[in-house]
Every structure is written in C-alpha cells, then in structure tokens.
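Trainee: Any chance you can model this:
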Amino acid sequence: MKKILLWLLVLTMCVSMVACFSLAGCKAKAVAEEEAAPAVEEVEEETPAEEVTEEVAPIEEEVDPIALALEFAERAIEGEAVEYTGTTDFTVGVIMPQLDNDGWFGMYIGVLMGVIKTGVNFVTLDARNNVDNQLAMIEDLITRKVDAIVFVPVDSAALSVGVIKANEAGIPVVTMDRSTESGEVLALVESNN
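Mentor: Sure, this is the predicted structure:
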C-alpha cells in the first residue's frame, strides 16, 4: 500500500512540476498583456455601510493547492520548517537545496501542489545550499519516521550517506534533478533542461 502511495506521489509530483513550469510561462505572457492594455478606472459611489448583527457560520472551503504551496514556500524561504497535515497517514519529508533560487522555488511549488492534492502529510525544509544542513535534515526526517524522503541533493557524493541511512531505516528516497552516487534511490525525477 505504501509503495502504491509513493508511486502515486511521484507521478503527481511530475505532473505538478510540469504544470507549475507551464504556468510560469503563461504568467509572463499575461503580465506583458496587462502592461500593454490601457488602464481604466471605475469610480464607485460610496454607500453607507449597514450593520450586520447576525453571525455567519464558517464556510468550509476546499484547499487551494497553489495558494497554500506559495504560502508554505514563503515561510520555508524564511527558514521555517513547514509542516502540513493532510487527509492520509502517509508523511513525506521534502528537502530543497536552496529556495531563494527561482528554479528550485518553482520545483518546490510543484511538489507541494502534488502532495497537497493527494492529501499527504509533509514536512519541508530548506538546506540553504549547505551539505551539513541537508544531511542533518535527512537524519531528522529519519528520526521522525517519515514514510518517504524527497529531496534535491546539494552534493551527490556527500548526500549518499543520507540516502544510505534512510535505506537502513527502511525509508524510500526519491531524488529530484540529480541523484546521489550511492544508496538506493526509488526514483529520480528530472526535467529536460
């Protein structure tokens, strides 16, 4: 069951990454069109506000994966370990090498959108392009007994140790963009750049 969930997660991450990078191109085109269009201002007449005395029951809204992923990404850039509780018992640890890089940031948004859509719990961390930080984060995720670890290695040779430790703990590892030199990686998700 866990392998099926993990493969579903990997597939969802791939689709989300493609969608995220595709949307980034559309956004640039939309911004250019907005700048070319003349601005038109509408003026509304002010009307006195009426007092509302009845309480409105809270409305349960569906989670917007894009908005939530962007919010989490901004928090992670600030150095916060971001945790999300989904609707499943499956927890994934996601470690990015450096979130102040636009490419990694876009990939991170795609991954988060995928895990949010599938209802998976996750813990995310930013290694700040530091091998020692990333290795300590992998060890922390192993201690937390996450069900899978997804990360982009800062250094393929040095992070092999982390993959081997995860293998010994029975935690599957998925790498993105590049793999490690040793240790068993369940899947490598790459873009064609």
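Trainee: ranges for the strands of this protein?
Mentor: 82-84, 91-96, 121-126, 148-151, 173-176, 187-189 (DSSP state E).
Trainee: Let me have those in a markdown table, extended by mean neighbour count.
Mentor: C-beta coordinates here come from the backbone N, C-alpha and C atoms, glycine included. What follows is the strands of the chain, written out as a markdown table (neighbours: other CB atoms under 10 Å):
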| stretch | mean neighbour count |
| --- | --- |
| strand 82-84 | 17 |
| strand 91-96 | 26 |
| strand 121-126 | 23 |
| strand 148-151 | 26 |
| strand 173-176 | 24 |
| strand 187-189 | 17 |
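Trainee: want to throw those strands into JSON lines with distance to residue 108 and mean pLDDT?
Mentor: Converted to JSON lines, those look like this (distance: least, CB to CB, whole Å; pLDDT from 0 to 100):
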{"stretch": "strand 82-84", "distance to residue 108": "10", "mean pLDDT": "93"}
{"stretch": "strand 91-96", "distance to residue 108": "5", "mean pLDDT": "95"}
{"stretch": "strand 121-126", "distance to residue 108": "7", "mean pLDDT": "92"}
{"stretch": "strand 148-151", "distance to residue 108": "10", "mean pLDDT": "97"}
{"stretch": "strand 173-176", "distance to residue 108": "10", "mean pLDDT": "96"}
{"stretch": "strand 187-189", "distance to residue 108": "13", "mean pLDDT": "95"}
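Trainee: Kindly reformat those strands as TSV containing distance to residue 71.
Mentor: Listed next are the strands of the chain as TSV, based on distance: least, CB to CB, whole Å:
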stretch	distance to residue 71
strand 82-84	9
strand 91-96	15
strand 121-126	12
strand 148-151	19
strand 173-176	21
strand 187-189	23
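Trainee: Quick check, residue 137 in contact with residue 125.
Mentor: Yes: taking contacts as CB atoms under 8 Å, residue 137 lies within contact range of residue 125: 4.7 Å.
Trainee: Give the residues shared as contacts by these two.
Mentor: In terms of CB atoms under 8 Å, 6 or more residues apart in numbering, residue 137 and residue 125 are both contacted by the residues 93, 95.
Trainee: Low-confidence regions, the protein specifically.
Mentor: 1-61 (pLDDT under 70).
Trainee: now the helices for it?
Mentor: 2-36, 65-77, 102-118, 131-143, 160-168 (DSSP state H).
Trainee: same for the fourth one, what does it pack against?
Mentor: Counting contacts by 3 or more CB pairs under 8 Å, 6 or more residues apart in numbering; DSSP states H and E, helix 131-143 is packed against strand 91-96, strand 121-126, strand 148-151, helix 160-168.
Trainee: Please name the strands paired to the first one in the sheet, noting orientation.
Mentor: Partners of strand 91-96 in the sheet, by DSSP bridges, are strand 121-126 (parallel), strand 148-151 (parallel).
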